[in-house]
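**Q** compute the structure for the input listed below.
(chains A, B and C)
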Amino acid sequence: MPEGHTIHRHARKQREAIGGQTVETASPQGRFAAGAKRLSGRTLETVEAHGKHLFYRWEGGEILHVHLGLFGKFKLHRTSPAPPPTPNTRLTMQGDRATIYLAGPTICELIDPDAEALIRTRLGPDPLQNGSRRKKLEEFQRNLSRRKIPIGAALLDQGVVAGIGNVYRAEALFRTGIDPHLPANTLSSDAATRLWSESASLLKRGEKAGRIITVDLADVGARRRSDLEADERLYAYGRDGEPCRRCRTPISMTDMANRRMWWCGSCQPPGAGS
DNA sequence: GCTGCATGATGAA
DNA sequence: TCATCCTGCAGCA
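**A** Purely as a prediction, here's the structure:
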């Protein structure tokens, strides 16, 4: 379930579990055999996330670049020994007391600092990264001002903002009441600011909780987040035809940027956000 | 058992 | 705009 919140959570958990340790690596599936052989026995210095990308720095200067894509998954085992990996496990990383398995990534490769820099220059600001909030917001607004595509498409462009995926784009637009069809460069400064703040707080909440929850409890009649049913956590995503949690208008669906997108035509009326 | 779909991204046409 | 790559699992026979 990899949007930015998941990736940052993986980075944090993996740093805690095997960071600073000597790590044995292997590739049961075989497709990363050469890389695993090269890394094995080295110290893993840090794990950093930028949007949906992970960068692992190893003793000796090697950089492991991982992108989960749509299907990729990590498993972190704190038992010793860990259960055996499945045959399609691309990479195993075994530290002192924890073992991490990676399967199904779009990218799992060794790169040099120049390649990492190039990847990072193509990524927009990441609401979950440290750094000046004002600078990141300004960069976000500059990126929006350069695009005529609908804001619903721009939010999936990792060069505009890094870490937002198909769930958060629908939810952030719903919560800010912005029409997803509005051209990105016509968003008002106020709407862009609210969109950035909303994206940041939703991603932070997701990173902490380990799952995406965007509803205000009052809108679903719950007292605690732990009381929420699985189908009560979101406002728009995946809810086509179901009543809006705020105004009861049926949620609409369309294709935007090759992915399905959901919104409320009443809470996000045409032109809202301009 | 098979089909289709998924919280992603790219490269060809 | 479409095909393609990566994997797992819900839904259906």
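**Q** C-alpha from now on. contacts and neighbour counts both.
**A** Will do.
**Q** and the strands in the stretch 1-150 of chain A?
**A** When assigned using DSSP state E, counting those that start in this stretch, the strands of the stretch 1-150 of chain A occupy the ranges A:22-26, A:42-50, A:53-58, A:63-67, A:73-77, A:89-94, A:99-103, A:107-111.
**Q** out of those strands, flag the one nearest DNA strand C.
**A** strand A:99-103 (5.1 Å; CA to the nearest atom of the strand).
**Q** excluding its backbone neighbours, what's nearest residue A:88?
**A** Of all residues not flanking residue A:88 in the chain, residue A:29 sits nearest, at 4.7 Å (CA to CA, 6 or more residues apart in numbering).
**Q** and the one you found, its phi and psi?
**A** Dihedral pair for residue A:29: phi -70, psi -30, per degrees, to the nearest 10.
**Q** tell me how many other residues surround residue A:190.
**A** The local packing count at residue A:190 equals 11, with neighbours defined by other CA atoms under 10 Å.
**Q** which element is it on?
**A** For residue A:190, the enclosing helix or strand under DSSP states H and E is helix A:189-209.
**Q** distance from stretch A:18-25 to the middle of the chain?
**A** Relative to its parent chain, stretch A:18-25 has a centroid offset of 25 Å by CA atoms, centre = their mean, to the nearest Å.
**Q** what of stretch A:175-189?
**A** Distance of stretch A:175-189 from its chain centroid, counting by CA atoms, centre = their mean, is 21 Å.
**Q** in that stretch, what's buried?
**A** Under the neighbour-count criterion of 16 or more other CA atoms under 10 Å, stretch A:175-189 has A:175-187 buried.
**Q** right, and the pair among the residues you listed with maximum separation?
**A** Pairwise distances across those peak at 19.7 Å for A:175 and A:185 (criterion: CA to CA).
**Q** quick check: residues of the stretch 1-150 of chain A near DNA strand C?
**A** Selection of the stretch 1-150 of chain A residues close to DNA strand C by CA under 7 Å from any atom of the strand yields A:69-72, A:88-90, A:103-106.
**Q** now, among these, which is nearest to residue A:249?
**A** Ranked by distance to residue A:249 (CA to CA), those are led by residue A:70 at 30.7 Å.
**Q** skipping adjacent residues, who's closest to that closest one in space?
**A** Take residue A:70 and drop its neighbours on the chain: the residue closest to it by CA to CA, 6+ apart is residue A:2, 6.9 Å away.
**Q** residue A:30 too?
**A** In space, residue A:30 is closest to residue A:90, 6.8 Å off (CA to CA, 6+ apart).
**Q** how far away is the one you found from residue A:72?
**A** Distance, residue A:90 to residue A:72, by CA to CA, to the nearest Å: 10 Å.
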